[in-house]
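*Asks:* need coordinates for the below:
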Amino acid sequence: MTFNADYALPSGDVQWLVKQYEEIRFAGGADLLDKFIPRADVSLVFHFGHPPLMLQPVAASLPRFFLAPVISCANHIKLSEPDTTFVVVCKPTVLSRVASIDLSLPYSGYYPLPEKVFEPLWQRLSDAGDFYSRIAVFASFTRQWYTNDYPEDCIDRIYDVILETHGQLPVKEILNRFGLKHRTLQRKFMKRIGVCPKTLTRIVRVNYLWDIGRIQKNADYQDMVFQGRYYDQAHFIKDFKSITGETPDSFFRRDRYCVSIMSGKSAELPADTCG
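*Replies:* Sure thing, here's the model as predicted:
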């Protein structure tokens, strides 16, 4: 079984929307079961081959193309047949606004994309054949799709602040800084991001600590409690488990090769231990 990925940053003219490009390749063989850890962005996902199955929290056969939203708990995924997945990681506040997508609508594993717009794009991406050619196709599509300069608003800026502060800025401080009422911020976040501000901060903070753990030979949980500004270790463990589905000790001791790739991070461990 071969499971690997490539990653690339976008060109400057599409950075208002795109955060990262990813291509994940699965050659088949033994079934691959692992999970996607929640992250603070949305993705346009295009499958060329046999799309995987989502097992939890919603059982679903994934289509050829869809929008993967911000989620609050891990998605368990099974790959059985060869597939190449091209992923365009986007800023949720921007994509939902320019595409008029309401991310507060009920979640059923993914959000379908308009066939009229995205079927031709999927075909062009399929014909492109390789990662960097697909990047060029999508960048060209983006330039034609949205020709204006994107005007940032306060929700975009709040989203950026949460990422820049690694999810450690209390919601109360955000409200004071931007002069918003709690109910207004909740409503706008649900529509533009799909989760409330507190959930987004938790997702961002857990991913920040995962990144710290990735560069440590042995994960230092006391340091993570301090770096994440948690009240205590129990608070850290509870938060980490609610997002990843595992305690920090379990997560950092196990093989993370597959979960890293599925979650948009470079692989951490040799692929031959992945199962």
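
*Asks:* residue 74 contacts residue 243, correct?
*Replies:* Yes - counting by C-beta atoms under 8 Å, residue 243 is a contact partner of residue 74 at 7.3 Å. No exception for glycine: its C-beta is placed from N, CA and C like everyone else's.

*Asks:* show the pLDDT at residue 181.
*Replies:* pLDDT for residue 181: 94.

*Asks:* what's the burial count for it?
*Replies:* When neighbours are counted by other C-beta atoms under 10 Å, residue 181 registers 9.

*Asks:* begin at 58 from here
*Replies:* With the count now opening at 58, the last piece we talked about shows up as residue 238.

*Asks:* which residues are contacting the strand or helix carrying residue 103?
*Replies:* In this structure, residue 103 sits in strand 99-106 according to DSSP states H and E. Applying C-beta atoms under 8 Å, 6 or more residues apart in numbering, the contact partners of strand 99-106 are 83, 119-127, 138-149, 152-153, 160, 167, 170, 178-179, 182-183, 251, 321.

*Asks:* quick check: next helix or strand after it?
*Replies:* strand 110-113.

*Asks:* ok so, going back, tell me, what's touching residue 131 and residue 300 both at once?
*Replies:* Residues touching both residue 131 and residue 300 (C-beta under 8 Å, 6+ apart) are 94-95.

*Asks:* partners of the strand holding residue 103, with directions?
*Replies:* strand 122-125 (antiparallel), strand 140-147 (antiparallel) (DSSP bridges).

*Asks:* format those strands as a markdown table; extra columns: distance to residue 234, mean pLDDT and mean neighbour count.
*Replies:* Converted to a markdown table, these look like this (distance: least, C-beta to C-beta, whole Å; pLDDT from 0 to 100; neighbours: other C-beta atoms under 10 Å):
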| stretch | distance to residue 234 | mean pLDDT | mean neighbour count |
| --- | --- | --- | --- |
| strand 122-125 | 30 | 96 | 20 |
| strand 140-147 | 25 | 98 | 21 |
